[in-house]
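**Q** sharing a sequence plus its predicted fold:
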Amino acid sequence: MSQELAWGSLGILMIFATIFATLPIAGAFFFRPRKAHDGKESTYECGLHPKKDTWNQINIQYYLFALAFLIFSIEILYVYPWAINFQKLGPIALLEMFIFLGVLIVGLAYAWRKGGLEWK
Amino acid sequence: MKVYGSSVLKGLLYTLKTFVSTYVEDFRRKGASSNGLLRSHADGVVTVEYPEKLLPIGATYERFRVLPMLIYDQQESGEKDIRCTSCGICAKVCPPQCIWIVQETDENKKPVPKPEAFYIDTSVCMNCGLCSEFCPFDAIKMDHKFDLNTTSNRQESYLYDMERLLVPAEYYAELHPKANAAEEEARRLEAEAKAKKEAAKKEAAAKKAVEAKAAKAAASAAEADAPKAAKADDPERAARIAAAKAKAAEAKAKREAAKAADGAETADAAAEVSETSSENESSPKASDEA
Amino acid sequence: MEMIEQLFVMLKQAALALPQALLPAELYARYEGMLSLVIGISAILVFAPATMLFLTWMERKVVARMQKRYGPNRVGKFGALQPFADGIKMFMKEDIIPKAVDPLLHSLAPMVILIPAVMIFAVMPFGKDMILVDLNIAILFIMSISSIETIAILMAGWSSRNAYSLISSLRAAAQVISYEIPLGFSMVAVLMMAGSMSTLDIVLAQQGGWFVLTPWGFLGFLIFFLSGAAEVNRTPFDVPEAESELVAGFHTEYSGMKFGLFYMAEFLGAFAIAAFSITFFFGGWLDPFEPLLGFAILPSWLWFMLKTYVLVFVFFWFRGTLPRLRVDLLLNFAWKYLLPMALLNIPIAALWFYLPAGPIRWVAGWAIGGSLIFGMHQLLTYHRVKKLYGRYERPSRPVVTESVPLKS
């Protein structure tokens, strides 16, 4: 199977999956009751009225983790091509990869030491 | 060396063992009718599929409690000797106030320690068991019968009258073997102590009478002695001796009497101690702790 | 045997026979590929909800047994019809859209979460000749498509305009991105040995022996499986859906079929993680006894399902055993335990490759690799445990003097 065909097939699968995901909701449209009232349609807060809007500022901590994630997921993208060709490239490339990973580990150690991975 | 994370594996093994053992136990129980005993928590599924299968009364734990019941002792003549004296303590302690007692009166309108009517509104009863804990006569106890569904006449069927509440003492003994044994032991001890106390009192009284007699005799003897001695010897000395003799006799009598009284008292104390201890034993909370 | 082995392939051929008979030969030749693709897709779209229905029932049964209960047993024999009853219930339920929500995002989120959950099945080798799309970068595809789940969760949480949903979705995002790193690194060793990103090639590379039997495969499997469990929010990593803290998490404001789609996506995700663990580390659809006996005992697709369901059972086993991790411990586990372990896995795999083949490799590889893994484990956990418990004395257990006596 050629790769163009494979990706085309995935596109078709995506269309089918979208239909698959829409169908139950659309199908239920004809069966489900519709009895709206204010109490039912208010935001759920265990019986209390919400005091503040939740579309609000959020903790910076999430941003730190997102940054760390970004760094490491890009590293993964660099490691994968090497990993596939590891058997062909030989020990020199392995050594180079160790240096690369070493830099990565130093970064991880730095973040660890600085408390960047600590959830407060 | 401590391997961290090994307790996670231990926990996983435990649940796996439980998972497998329930199926093994299911297989083992297949032939036997499972409509029997309360399964122990050791292995197997503990669920009893209620509407289809029912635990027989008495299969549950001893301290299991649902509704109160009144206990009577079957007399040899066939009469029911209801333990309740209609003192009303249970009605007073009942938190939702669901007990209603009418005391029996004799022909002279004098109250008799017996209930004429005893009602429990079971739709109000909250199964707390306080009535049984407070009852000083072991007359009201908690029943095990839990399948109380009725299909007709809901209002009236929830109001239990004395007829429905009365159970023989043997039934109670079967459901609560441990508590019953403790109570019987306590009652026996109490009776014994009472008998002892009576006996001691009687003895003490008898002794007192004897000693009083002896003291009297001694005193009269001393009096009788005194002129004799006076006659024979130094009159002053003889009078002294007589007085001392009388005193000694009196002291002796007193000591004896005190001894007897003391014995009675210790017996009393023993009875009290046994009472309190038996109360402790029979109360569910204490056995809970045990 | 051959017939059972090729059962589904033959079914496809049979389904193709009808258009072949009806259409002109030229037209049929042109659209044959398309038709067979549609049949394959239909098979997946039937398989996915069926799996979800079965998994819901299985989870309830397994967890119930672990807690000495029967689980569902009212609807049908052994409660087997329970998932259908639940499905009908969800189908008939009112779809409540609270007034405060962003209606577009709110309605889109369940679809967005379900589409990748279904699409991931495209690269799953269910058996010999039973893969929809043999993609040459299947692993990248899996990783990328599974991260779309995060977007859907954020959509659901943000659009619900509900405190629980928002907190849950943010936690879910932090968790999923954190665990994606060890997930990605755990597959590096597999790629090094298989030399390909295609799931089919990875399975075929294990004909000499399952990867999980090697030290790097073993460690890689553990990391992959645990990170995968976190990825799809399974217990003990179900902080985003912590029902005791966050009601229902990001799907608090969802009801009816939309909630059902979230539910389905979750179970499909769990199944996919189990299935890919099998593919990467347990030889996929390979029969473990075939090299010994010379013939296959069971058809390949049955082997695949059997192995996958063992791992799915492990998911449920975790759920029945382990309590939920606190959110900071959860993130620590990803960054301070799984990630260093995953990085350690790369040199172990390289070492394995450069050891001479044969028994020496097995002995020396396991000796060095195993001691490295164990040492690293002790180092990392010791650090954590000391930090956790160093500050205060651990409370001693209450003394239990006597067990409660039972009556028969």
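**A** That came through, no problem.

**Q** residues from the stretch 201-350 of chain C in reach of chain A?
**A** The stretch 201-350 of chain C comes close to chain A at residues C:247, C:252-253, C:256-258, C:260-261, C:327-328, C:331-332, C:335-336, C:339-340, C:343, C:346-347, C:350, as judged by CB under 8 Å from any CB of the partner chain. Every residue, glycine included, has its C-beta placed from N, CA and C.

**Q** again, only using 10 Å
**A** For the stretch 201-350 of chain C, the contact set with chain A under CB under 10 Å from any CB of the partner chain comprises C:247-248, C:252-253, C:255-258, C:260-261, C:264-265, C:326-332, C:334-336, C:339-340, C:342-344, C:346-347, C:349-350.

**Q** okay, stretch B:241-254 in CSV with CA atoms only?
**A** Listed next in CSV are the C-alpha coordinates belonging to stretch B:241-254 (Å, rounded to 0.1, in the frame of the first residue of the first chain):
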residue,chain,number,x,y,z
ILE,B,241,-12.8,-6.6,137.8
ALA,B,242,-16.5,-6.9,137.3
ALA,B,243,-16.6,-3.7,135.3
ALA,B,244,-13.7,-4.8,133.1
LYS,B,245,-15.4,-8.1,132.5
ALA,B,246,-18.6,-6.5,131.5
LYS,B,247,-16.7,-4.1,129.2
ALA,B,248,-14.9,-7.0,127.5
ALA,B,249,-18.1,-8.9,127.0
GLU,B,250,-19.7,-5.8,125.5
ALA,B,251,-16.7,-5.2,123.2
LYS,B,252,-16.8,-8.8,122.1
ALA,B,253,-20.5,-8.6,121.3
LYS,B,254,-20.0,-5.4,119.4
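
**Q** which parts of that stretch are buried?
**A** B:241-242, B:245-246, B:249-250, B:253 (16 or more other CB atoms under 10 Å in any protein chain shown).

**Q** out of the residues you listed, which comes closest to C:Leu183?
**A** The nearest member of these to C:Leu183, counting by CB to CB, is B:Ala253 at 100.6 Å.

**Q** tell me who's in contact with the closest residue in space to B:Asp143 that isn't next to it in sequence.
**A** Nearest residue to B:Asp143, sequence neighbours excluded (CB to CB, 6 or more residues apart in numbering or on different chains): B:Met69, at 4.3 Å. For B:Met69, the contacting residues are B:120, B:132, B:139-145, B:160, B:164-167, B:171-172, B:175, by CB atoms under 10 Å, 6 or more residues apart in numbering or on different chains.

**Q** which of the buried residues of stretch B:241-254 sits closest to chain C?
**A** Sorting the buried residues of stretch B:241-254 by how near they are to chain C, with CB to the nearest CB, puts B:Ala253 at the top with 53.2 Å.

**Q** what does the model give that closest one for pLDDT?
**A** In this model, B:Ala253 is scored at 78, pLDDT.

**Q** what's the helix or strand for the residue in chain A positioned nearest to chain B?
**A** Taking CB to the nearest CB as the measure, chain A has A:Trp112 as its residue closest to chain B, at 18.4 Å. Using DSSP states H and E, A:Trp112 maps to helix A:91-113.

**Q** about what we covered before: the residue of chain A closest to chain B - nearest residue in space that isn't next to it in sequence?
**A** Closest to A:Trp112 by CB to CB, 6+ apart is C:Lys336, at 6.7 Å.

**Q** gap between B:Ala209 and chain C?
**A** 53 Å (CB to the nearest CB, to the nearest Å).

**Q** how many residues are close by that residue?
**A** 11 (other CB atoms under 10 Å in any protein chain shown).

**Q** then C:Gly260?
**A** Quick note: C:Gly260 (other CB under 10 Å) scores 24 neighbours.

**Q** any idea which helix or strand carries it?
**A** helix C:256-281.

**Q** quick one: that helix to chain centroid distance?
**A** 6 Å (CA atoms, centre = their mean, to the nearest Å).

**Q** quick one: mean pLDDT for it?
**A** 89.

**Q** do stretch C:124-140 as well
**A** Stretch C:124-140 comes out at a mean pLDDT of 84.

**Q** check stretch C:173-193 too.
**A** If you average the pLDDT values across stretch C:173-193, you get 89.

**Q** CA-only coordinates of it in CSV, if you can.
**A** Provided in CSV are the C-alpha atoms of stretch C:173-193 (Å, rounded to 0.1, in the frame of the first residue of the first chain):
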residue,chain,number,x,y,z
ALA,C,173,-4.2,18.7,30.1
ALA,C,174,-1.3,18.9,32.6
GLN,C,175,-1.5,15.2,33.1
VAL,C,176,-1.8,14.1,29.5
ILE,C,177,1.1,16.3,28.3
SER,C,178,3.3,15.2,31.2
TYR,C,179,2.7,11.5,30.5
GLU,C,180,3.2,11.9,26.8
ILE,C,181,6.9,12.4,27.4
PRO,C,182,7.6,9.0,29.0
LEU,C,183,5.1,7.4,26.6
GLY,C,184,7.2,8.7,23.7
PHE,C,185,10.5,7.8,25.2
SER,C,186,9.4,4.3,26.1
MET,C,187,8.9,3.6,22.4
VAL,C,188,12.4,4.7,21.4
ALA,C,189,13.9,1.4,22.4
VAL,C,190,11.2,-0.5,20.4
LEU,C,191,12.0,1.7,17.4
MET,C,192,15.7,1.0,17.8
MET,C,193,15.2,-2.7,17.7
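
**Q** how about low-confidence regions in the stretch 51-200 of chain B?
**A** B:57-59 (pLDDT under 70).

**Q** got the residues of the stretch 51-200 of chain C near chain B?
**A** Residues of the stretch 51-200 of chain C lying near chain B (CB under 10 Å from any CB): C:62-71, C:73-74.

**Q** which ones among those residues lie within helices?
**A** C:62-66 (DSSP state H).

**Q** wait, which of these is closest to C:Ile142?
**A** C:Val62 (26.1 Å).

**Q** who's in contact with the closest one?
**A** B:15, B:19, C:71, C:312-313, C:315-317, C:319-320.

**Q** for those residues, which one is nearest chain A?
**A** The nearest one, if we look at the contacts of C:Val62 relative to chain A and count by CB to the nearest CB, is C:Val312, at 21.7 Å.
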